[in-house]
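Colleague: sequence-free structure coming up:
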């Protein structure tokens, strides 16, 4: 249902308006944290402890993100890399 709804959003402005209507501030913070963890882990430049310290994220959260990445298919990882690492 959410994929269909987001697929119908016209642009980033509409998406920026819609997301806070669907998610609480706490949920948005959790998602932003997860995205940051994935981005840092995919870059592979820092240890989990360095990521935790630099971004004030718990080691447990980073470990869960790392475990999630390990269980992803190569297509899923590639999609995340494409979306998150645009350098």
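Modeller: Looks like it arrived, so ask away. None of these values were measured; they are calculated from a predicted model.
Colleague: for the rest of this, base every contact and every neighbour count on C-alpha atoms.
Modeller: Will do.
Colleague: what residue is smack in the middle of the chain?
Modeller: Nearest to the geometric centre of the chain sits residue 35, at 1.9 Å (C-alpha atoms, centre = their mean).
Colleague: list the contacts for that one?
Modeller: residue 84 (C-alpha atoms under 8 Å, 6 or more residues apart in numbering).
Colleague: try residue 81
Modeller: 39, 42.
Colleague: next one: phi and psi at it?
Modeller: Note on residue 81: its backbone torsions stand at phi -60, psi -40 [degrees, to the nearest 10].
Colleague: and the strands in this protein?
Modeller: Per DSSP state E, the chain carries no strands over any range.
Colleague: quick one: low-confidence parts of it?
Modeller: Residue ranges of the chain with pLDDT under 70: 87.
Colleague: kindly list the longest helix within it.
Modeller: For the chain, the helix that runs over the most residues, judged by DSSP state H, is helix 25-43.
Colleague: the residue nearest to the centre of the chain and residue 29: what is the separation?
Modeller: Per C-alpha to C-alpha, to the nearest Å, residue 35 is found 10 Å from residue 29.
Colleague: what do you get for residue 7?
Modeller: To residue 29, residue 7 is 22 Å away according to C-alpha to C-alpha.
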